[in-house]
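In: Provided below for reference: sequence and predicted model.
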Amino acid sequence: MKKIFLLSGLILSLGSACDKPDDTPPRKTTYESNYVLPEAFPLTEQEKEIVEERNEEYENSIKSLK
């Protein structure tokens, strides 16, 4: 009984999605893709040290797995 309700609900929801084809927006034929990369800022010395410490920790942790 539960399957019948679910199946009928699915059919009703799919059948009533769009009454007319004009209900959907028109399909775009051309696409523009002008991507702008964010401006890169150099790391400070403190940030470089943090990155280096984390890299060392990572390298040391995977050495034991090899």
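Out: Okay, I see it. Residues are numbered from 1 along each chain as shown.
In: Mind giving me the packing neighbours of the longest helix anywhere in the chain?
Out: Assignment by DSSP state H gives helix 45-63 as the longest helix of the chain. When contacts are defined as 3 or more Cβ pairs under 8 Å, 6 or more residues apart in numbering; DSSP states H and E, helix 45-63 packs onto no helix or strand at all. To be clear about C-beta, it is placed using only N, CA and C from the backbone, and glycine gets the same treatment.
In: Export the helix or strand hosting I4 to PDB, keeping only CA atoms.
Out: Element membership of I4, judged by DSSP states H and E, is helix 2-15. Taking C-alpha atoms only, helix 2-15 is exported to PDB below (Å, rounded to 0.1, in the frame of the first residue of the first chain):
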ATOM      1  CA  LYS A   2       2.900   2.300   0.900                       C
ATOM      2  CA  LYS A   3       4.500   1.600  -2.500                       C
ATOM      3  CA  ILE A   4       1.300   2.500  -4.300                       C
ATOM      4  CA  PHE A   5       1.100   5.900  -2.600                       C
ATOM      5  CA  LEU A   6       4.800   6.600  -3.300                       C
ATOM      6  CA  LEU A   7       4.500   5.600  -6.900                       C
ATOM      7  CA  SER A   8       1.400   7.600  -7.500                       C
ATOM      8  CA  GLY A   9       2.900  10.600  -5.700                       C
ATOM      9  CA  LEU A  10       6.000  10.400  -7.900                       C
ATOM     10  CA  ILE A  11       3.900  10.100 -11.100                       C
ATOM     11  CA  LEU A  12       1.800  13.100 -10.100                       C
ATOM     12  CA  SER A  13       4.800  15.300  -9.200                       C
ATOM     13  CA  LEU A  14       6.500  14.500 -12.500                       C
ATOM     14  CA  GLY A  15       3.300  15.000 -14.500                       C
END
